[in-house]
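*Asks:* Sequence first, then the predicted structure:
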Amino acid sequence: MNMLRLTLRQLQIFVAVAHHGSTAAASEQIALSQSATSAAVNELERLLALQLFDRVGRRLQLNYNGRALLPKAMALLAGAEDVEGLGRSNADQLQTLRIGASTTIGNYVLPGLLGSLLSGAEIGLRSTWRSTVTIANTEAIGGAIAGYELDLGFVEGPVRAPDVRSLPWIRDEMVVVGATVQGNTERPITVRALRDRVWLVRESGSGTREVADRALLPYMHSYRRSIELGSSEAIKHAAILGLGLACLSRWVVDDAVQVGKLHILRTTLPKLYRPCFVLVHRAKAPTGAMQHVLKEFGVKSGQD
């Protein structure tokens, strides 16, 4: 067996510099001096006989070699974390699980699922739970899975990335809502009438925006008048205030509908359901914690 010359610490420093773009910023994250960080990068380049960064002033930008190394380095570091996890108990492994969720699932679905998970867990686990939950849009969660920054991602749409598997999970209903009942309640609202309204929409990259576009634009062709907001919660409150119509998850609007602040509108559009998915990295071996959560959440881990 050949003697390895590289160390995990060198790769960890390389990844930190790649993400931060400078040794100064990276040194704060990895608890090293800037000079030691620079020396580690230089030593790694010497050992590989490759230049990994282009020096642009004080910035370090990954070149072709660096971009090729980055995913391999991140995979090795993720594997090393899993090896360290072998020495911990099952409860400790659960505590260190990194979970990500898109905005709707993170705000309205995941808390209940985690509550059920913890209520059925051992007392010791419930008292020391320290797992992290990151909430962002679907695109960002997919990127974090691809970059080994998260172990599991729960999102409202599949992510089309070569390193990410999208496992089918549950189904969500999308509904059109407004602050008041529109027109003759005996007849559904026509596409022409919908086209003339102000629409409250999510930002590009959001799973909710992607599904709403697929549902509405084939019929309306465009949003003639629209207001873009960064969260479904913001859209819901804007709709309650009468600023426009919205196409949102029933999970998001149910509370407002129940008290009469919003109304689900009957339209001539077909009913819309969107499948939700769990994201995992294709190259990451599932830990006991990941398998436990997938089982408890009813996710089948077969090939997508």
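*Replies:* Thanks, I have the structure now.
*Asks:* so where do the helices sit in this protein?
*Replies:* 8-20, 23-30, 34-48, 64-85, 90-95, 103-108, 110-119, 123-128, 138-146, 191-195, 207-220, 232-240, 250-258, 288-296 (DSSP state H).
*Asks:* Check which residues of the last one are buried.
*Replies:* If you call a residue buried by 16 or more other Cβ atoms under 10 Å, then helix 288-296 has these buried ones: 289-290, 292-294. Where you see a C-beta, it was placed from the backbone N, CA and C, and this is true even at glycine.
*Asks:* Ok, the first one next?
*Replies:* Buried residues in helix 8-20, counted by 16+ other Cβ under 10 Å: 10-18, 20.
*Asks:* okay if I get the residues you listed as JSON lines plus pLDDT?
*Replies:* Shown next, in JSON lines, are these (pLDDT from 0 to 100):
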{"residue": "Gln10", "pLDDT": "87"}
{"residue": "Leu11", "pLDDT": "87"}
{"residue": "Gln12", "pLDDT": "88"}
{"residue": "Ile13", "pLDDT": "90"}
{"residue": "Phe14", "pLDDT": "88"}
{"residue": "Val15", "pLDDT": "89"}
{"residue": "Ala16", "pLDDT": "89"}
{"residue": "Val17", "pLDDT": "89"}
{"residue": "Ala18", "pLDDT": "88"}
{"residue": "His20", "pLDDT": "88"}
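*Asks:* Closest one of those to Arg214?
*Replies:* Ala18 (35.2 Å; Cβ to Cβ).
*Asks:* ok, now which ones touch the closest residue to Val109 other than its chain neighbours?
*Replies:* Residue nearest to Val109 in three dimensions, not counting chain neighbours: Trp251, with 6.2 Å by Cβ to Cβ, 6 or more residues apart in numbering. Trp251 is in contact with 104, 108-109, 172, counting by Cβ atoms under 8 Å, 6 or more residues apart in numbering.
*Asks:* and if you look at Cys247?
*Replies:* 174-177, 199, 208, 211-212, 215-216, 272 are the contacts of Cys247 under Cβ under 8 Å, 6+ apart.
*Asks:* Buried ones only from these, please, as a PyMOL command.
*Replies:* A single PyMOL command selects the buried members of the contacts of Cys247 (16+ other Cβ under 10 Å):
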select buried, resi 174+175+176+177+199+208+211+212+215+216+272
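*Asks:* which residues sit in contact with the nearest residue to Ala78 once chain neighbours are set aside?
*Replies:* Spatially, and ignoring its direct neighbours in sequence, Ala78 is nearest to Tyr148 (4.2 Å; Cβ to Cβ, 6+ apart). Contact partners of Tyr148, counting by Cβ under 8 Å, 6+ apart, are 74-75, 77-78, 281, 284.
*Asks:* how much space is there between Leu8 and Leu77?
*Replies:* 7 Å (Cβ to Cβ, to the nearest Å).
*Asks:* Can you give the domain ranges for this structure?
*Replies:* For the chain, automatic domain parsing gives the domain ranges 8-85, 90-170+276-296, 172-273.
*Asks:* What is the neighbour count of Thr23?
*Replies:* Residue neighbour count, defined by other Cβ atoms under 10 Å, stands at 24 for Thr23.
*Asks:* Surely it and Val17 touch.
*Replies:* Yes: with contact defined as Cβ atoms under 8 Å, Thr23 counts as touching Val17 (5.9 Å).
*Asks:* Find residues that contact each of these two.
*Replies:* With Cβ under 8 Å, 6+ apart as the test, Thr23 and Val17 both reach 37, 41, 60.
*Asks:* nearest residue to the second one other than its sequence neighbours?
*Replies:* When the adjacent residues along the chain are set aside, Val41 lies closest to Val17, with 5.9 Å between them (Cβ to Cβ, 6+ apart).
*Asks:* so who does the one you found touch?
*Replies:* 23, 26, 37, 41, 53, 60.
*Asks:* Between those, which sits nearest Arg266?
*Replies:* Ala26 (55.7 Å).
*Asks:* quick one: low-confidence parts of this structure?
*Replies:* Low-confidence segments of the chain, defined by pLDDT under 70: 1-3, 82-95, 120-130, 181-186, 301-304.
*Asks:* Spatially central residue in it, please.
*Replies:* Nearest to the geometric centre of the chain sits Ile141, at 1.9 Å (Cα atoms, centre = their mean).
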